[in-house]
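This is a predicted model, with the sequence first.
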Amino acid sequence: MGSVLLQSITTAGLDGWSAVSMVNTPTSVTATADSGKGVVGADAGSESWYFIGPTDRFSGNLAAAYNGKLMLSLVHSETPSAGHVMRAPDVILEATCGHSLYLYDFATRGGDLSVMLNEDAGWIDSRTKAAPGALDFLGVL
């Protein structure tokens, strides 16, 4: 196993995590810390929202993470019914300028998850709606 570039352990508190809506605006969801479970959030079932990482660690030049892995543990206590399900990315990497990389169909599995931080891992470029190139990926990191 390689070295850890960034880490956030949330079993003792929020550790800087919060919740935002799908368009990066405030949400009715409140992120809370649940001892032993990490950061948790709940909604009424009609809102797409995300956990956003602590900006003191997950911002700035993170190009050293290129070809590394993003690893997380995720538990769904409830998933949307087969009714109206909005297709939204599960993970978003966003540069300061707004250029983003999206990862779809990742979090549906839950559990201990990892994905490579490179252009070959299924990421989608927000500008082209296609796989990013290496320089596009590095630009977002």
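Looks like it came in fine.

so what's the residue nearest the centre of the chain up against?
The C-alpha lying nearest the average C-alpha coordinate of the chain belongs to residue 91 (Cα atoms, centre = their mean; 3.5 Å). By Cβ atoms under 8 Å, 6 or more residues apart in numbering, the contact set of residue 91 is 70, 102-103, 106-107, 115. Quick note: C-beta positions are derived from backbone N, CA and C, even for glycine.

Run the chain-centre distance for stretch 111-118.
The offset between the C-alpha centroid of stretch 111-118 and the centroid of the whole chain comes to 10 Å, using Cα atoms, centre = their mean, to the nearest Å.

Do me a favour and average the pLDDT over it.
Stretch 111-118 comes out with an average pLDDT of 88.

Over to stretch 39-56?
Over the span of stretch 39-56, the pLDDT mean works out to 76.

what's the straight distance from one end of it to the other?
With Cα to Cα, to the nearest Å as the measure, stretch 39-56 spans 17 Å from end to end.

Buried residues in it, which are they?
Taking 16 or more other Cβ atoms under 10 Å as the basis for neighbour counts, the residues of stretch 39-56 that come out buried are 39-40, 48-53.
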